[in-house]
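>>> With the input below, show me the fold.
(2 chains)
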Amino acid sequence: MDALIEQLKGEIIKQLNLEDLKPADIDSDAALFGGGLGLDSIDALELIVLLEKNYGIKVSNPADGKKIFQSVRTMAEYISANKK
Amino acid sequence: MEAYINGIGIVSPQKTFDTSDFLSEIVEHNSKLLNAIEPSYKEFLDPNLARRMARVIKMSIAASFVCLRDAKIEKPDAIITGTALGCLQDTEKFLLSIIENDEQFLTPTSFIQSTHNTVSAQIALQLKCMNYNFTYVHKGFSFESALLDSMMTLEEGEAKNILVGGHDEMTEKHHRVYNRIGYWKKDSAVDTMQLIHSKTPGSVGGEGAAFFILGNEKTEKSYAKLQGVEMIYKPENTKEVETKIITFLDSKGLQANDIDVVLYGINGDVRFDQLYYEIKNTLFKNSTSGYFKHLCGEYQTSGSFAMWLAAKILQTQTIPNAVLIGENKSKEIKNVLIYNTFIDSDQSVYLLSKC
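Numbering: from 1, shown residues only, chains lettered A, B, ... in the order given. This next block holds a predicted model:
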């Protein structure tokens, strides 16, 4: 899980152009939205595409998004549970 | 129809960002592409917003904010820009993404930012300015069209202060495309300070973002008065250009001999520079001559760099040596004419006067 979390942090930095950040700067349990990294709705779309493109996972139910994208760790857990 | 240039902000391949400086140090490029010298954007943009923005958006926001600060204006009555290439970097990014991912997994950011009016929209968003906002996309007439709209809007009394700008970025991919159609020199590197002596086809690419506050009243900050802009599309010969310039000057109550300085868009391309020399040696043989594309490179909105140069010449009453062609014949500089073309089809003439 830890390896996946670190990989995910790198992918998030790249996908969202968080140029000033390094993976170590991101707290695995910190909120991605509404604080923490301060991401917004456009970033949410970018993260949905990241899951589909890099892990083959489609988030079909929008209501699940809030749980999945709560933190890097919840994203990693969702990927582990659903990766094809 | 005239307007006062009451504020300036420019990001270019020269050190022009400090409005109080006037080419005190010339940056000599040894390349076929003159990239803009970008300032630190942290003063102007929240890093969280800047991360999504391509270079041209950041350059333009920084230049426009400096311009507004220079003119001591918080919110202009209109924002009007001209660009030929728009937000090219983002356009390339999302088109490439479509190809690489077989039309799947398209992300929104680069698409949202790729439209030509992103720059003027982003400036408006940052300023929370809901006033008239327009972007002209007409190849080598883009900035000129923006100027014309600004001057007419001022004349009709619909605005008192307008933020007008020209912006274009050159990407590595687009530079390569232009290279294939013969716009640039064949050499791998070009000493741009020697561009005027070139006897070969092709020029060097450039880019930049230049913004101005045009107002209908003179202020303590006024750099110069923009008397008018004339666009000449695909003239048949030099005689036609000469006639149009004479008519343009006549409409301003001037003759060729009244022009103290002419800034030519000479770009080192042997195929097209002859146009400039014919005008220089006939109409304006008594005027001081200067040029600017060795400083900013060739791009569709390079007229905005030339307008900055002309305004600074009029304000400071000095012509940097690097700009001069031949000797400086002018004791007092009252009128500066810019004669510029992008390649050879879109020719334009601007007249600026001391105020």
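
>>> Going by C-alpha atoms from here, please, whenever you check contacts or count neighbours.
Will do.

>>> who are the neighbours in contact with residue 16?
In the absence of a named chain, chain A is used. A:Leu16 makes contacts with A:43, A:46, B:51-52, as judged by C-alpha atoms under 8 Å, 6 or more residues apart in numbering or on different chains.

>>> oops, chain B please
B:10, B:22-23.

>>> B:Pro39: which of the residues you listed is nearest?
Relative to B:Pro39, the closest of the contacts of B:Thr16 is B:Ile10; by C-alpha to C-alpha it sits at 10.3 Å.

>>> show me where the stretch 251-355 of chain B has helices.
Assigned by DSSP state H, counting those that start in this stretch, the stretch 251-355 of chain B shows helices spanning B:273-282, B:293-296, B:303-316.

>>> Chain A is nearest to which of the ones you listed?
Set against chain A and scored by C-alpha to the nearest C-alpha, those come closest in helix B:293-296, at 28.5 Å.

>>> hmm, who's touching the closest one?
Counting by C-alpha under 8 Å, 6+ apart, B:12-14, B:26-28, B:34, B:192-196, B:206-208, B:265-267, B:302, B:305 sit against helix B:293-296.

>>> same check, this time on stretch B:106-126
Identification of contacts with stretch B:106-126 by C-alpha under 8 Å, 6+ apart yields A:42, A:45-46, A:49, B:52-54, B:56-57, B:60-61, B:64, B:79-81, B:83, B:85-91, B:93-94, B:97-98, B:130, B:133-135, B:137.

>>> Would you mind extracting the C-alpha trace of it into CSV?
The C-alpha coordinates for stretch B:106-126 follow below in CSV (Å, rounded to 0.1, in the frame of the first residue of the first chain):
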residue,chain,number,x,y,z
LEU,B,106,-9.3,13.7,-22.1
THR,B,107,-8.6,16.1,-19.2
PRO,B,108,-10.3,19.4,-19.0
THR,B,109,-7.6,21.9,-18.0
SER,B,110,-5.6,22.3,-21.2
PHE,B,111,-8.8,22.3,-23.3
ILE,B,112,-10.4,25.0,-21.1
GLN,B,113,-7.2,27.1,-21.3
SER,B,114,-6.6,26.6,-25.0
THR,B,115,-9.0,29.1,-26.4
HIS,B,116,-7.7,32.3,-27.9
ASN,B,117,-9.6,34.5,-25.5
THR,B,118,-8.3,32.8,-22.4
VAL,B,119,-5.8,35.6,-21.7
SER,B,120,-8.3,38.5,-21.8
ALA,B,121,-10.8,36.4,-19.8
GLN,B,122,-8.2,35.5,-17.2
ILE,B,123,-7.2,39.1,-16.8
ALA,B,124,-10.8,40.0,-16.3
LEU,B,125,-11.3,37.2,-13.8
GLN,B,126,-8.3,38.3,-11.8
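
>>> what mean pLDDT does it have?
Across stretch B:106-126, pLDDT averages out at 92.

>>> Show me what the helix or strand hosting B:Thr81 packs onto, helices and strands only.
Secondary-structure assignment from DSSP states H and E places B:Thr81 in strand B:78-82. In terms of contacts (3 or more C-alpha pairs under 8 Å, 6 or more residues apart in numbering or on different chains; DSSP states H and E), strand B:78-82 is packed against helix B:118-127, strand B:132-136, helix B:142-155, strand B:161-168.

>>> If we use 10 Å, what do you get?
Strand B:78-82 is packed against helix B:118-127, strand B:132-136, helix B:142-155, strand B:161-168, strand B:208-215, with contacts defined by 3 or more C-alpha pairs under 10 Å, 6 or more residues apart in numbering or on different chains; DSSP states H and E.

>>> With distance to B:Asp250 and mean neighbour count as added columns, please give those in JSON lines.
Shown next, in JSON lines, are these (distance: least, C-alpha to C-alpha, whole Å; neighbours: other C-alpha atoms under 10 Å in any protein chain shown):
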{"stretch": "helix B:118-127", "distance to B:Asp250": "34", "mean neighbour count": "19"}
{"stretch": "strand B:132-136", "distance to B:Asp250": "28", "mean neighbour count": "20"}
{"stretch": "helix B:142-155", "distance to B:Asp250": "18", "mean neighbour count": "23"}
{"stretch": "strand B:161-168", "distance to B:Asp250": "26", "mean neighbour count": "29"}
{"stretch": "strand B:208-215", "distance to B:Asp250": "23", "mean neighbour count": "30"}
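
>>> Nearest approach to B:Asp70 belongs to which of these?
Each of these has some distance to B:Asp70 by C-alpha to C-alpha; the shortest is strand B:208-215, at 8.8 Å.

>>> Can you pull the residues of chain A lying near chain B?
Listed as neighbours of chain B in chain A under the rule C-alpha under 10 Å from any C-alpha of the partner chain: A:15-20, A:37-40, A:42-43, A:45-54.

>>> buried residues in the helix or strand encompassing B:Lys173?
Using DSSP H and E, B:Lys173 sits in helix B:172-180. Neighbour-count burial for helix B:172-180 flags B:174-175, B:179 (criterion: 16 or more other C-alpha atoms under 10 Å in any protein chain shown).

>>> Perfect, I'm done here.
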